[in-house]
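1. How does the following fold in three dimensions:
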Amino acid sequence: MPLRDKLLRIALIAFGATFLLVYPLAALWPSGWAWHAGAPHDSQYFMMIVGVYATLGVFLLNAARNPQAHVSLIWFTVWSSAVHALVMAVQSLQNAEHMGHLLGDVPALILVAVVLAVLAPSSRTAATPMEVASPGSA
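-> Coordinates of the predicted model:
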């Protein structure tokens, strides 16, 4: 297995597991991970985000088994993480109460986007669904 593929699998596992840990991260460091005062579970908005990221985490862990079959999910994660980080950075700069996010989830999402973008296969080189489903058959 080429080094790049191995590193991609490791990154998918690490980021998938981290996305499953968004709630505990917010409980340990609310100013860096949660967007509302009080306990994280008190915010319906935050719990919705936890649900979305936990789901993405499960799918990234699954994608680690065969990244070539999940290229669109990997690129969705790249772009959604970049956009999410950009929006949160702007909001943090506009509201001093949220400056902790510039040291917490904003750089974490930028890291996800950059690492996966560097390691992800391009959509042009990814296997087609038929190649993934039945390797070696033609």
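2. Show me where this protein has its helices.
-> With DSSP state H as the criterion, the chain has helices at 3-20, 22-28, 30-33, 44-63, 71-94, 105-119, 129-133.
3. send the alpha carbons of the shortest one over as CSV?
-> By that I understand helix 30-33. Output of helix 30-33 as CSV, limited to C-alpha atoms (Å, rounded to 0.1, in the frame of the first residue of the first chain):
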residue,chain,number,x,y,z
PRO,A,30,-16.6,25.2,25.9
SER,A,31,-15.0,28.4,24.8
GLY,A,32,-13.1,26.6,22.0
TRP,A,33,-15.8,24.2,20.9
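4. And for that helix, what's in contact with it?
-> For helix 30-33, the external contacting residues (Cβ atoms under 8 Å, 6 or more residues apart in numbering) are Val22, Leu25, Ala26, Ala37, Pro40, Gly100, His101, Leu103, Gly104, Asp105. Just so you know, the C-beta spots here come from the backbone N, C-alpha and C atoms, and that holds for glycine as well.
5. switch the cut-off to 10 Å
-> For helix 30-33, the external contacting residues (Cβ atoms under 10 Å, 6 or more residues apart in numbering) are 21-27, 36-40, 46, 49, 97-108.
6. Give the buried subset of these as a PyMOL selection command.
-> Per 16 or more other Cβ atoms under 10 Å, the buried members of the contacts of helix 30-33 correspond to this PyMOL selection:
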select buried, resi 21+22+23+25+26+40+46+49+98+100+101+104+105+106+108
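7. returning to what we had before: please convert the helices of the chain to TSV, extending it with mean pLDDT.
-> As requested, the helices of the chain are arranged in TSV below (pLDDT from 0 to 100):
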stretch	mean pLDDT
helix 3-20	96
helix 22-28	87
helix 30-33	74
helix 44-63	94
helix 71-94	94
helix 105-119	95
helix 129-133	48
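8. Distance from the chain centre to stretch 32-47, please.
-> Distance, stretch centre to chain centre, for stretch 32-47: 19 Å (Cα atoms, centre = their mean, to the nearest Å).
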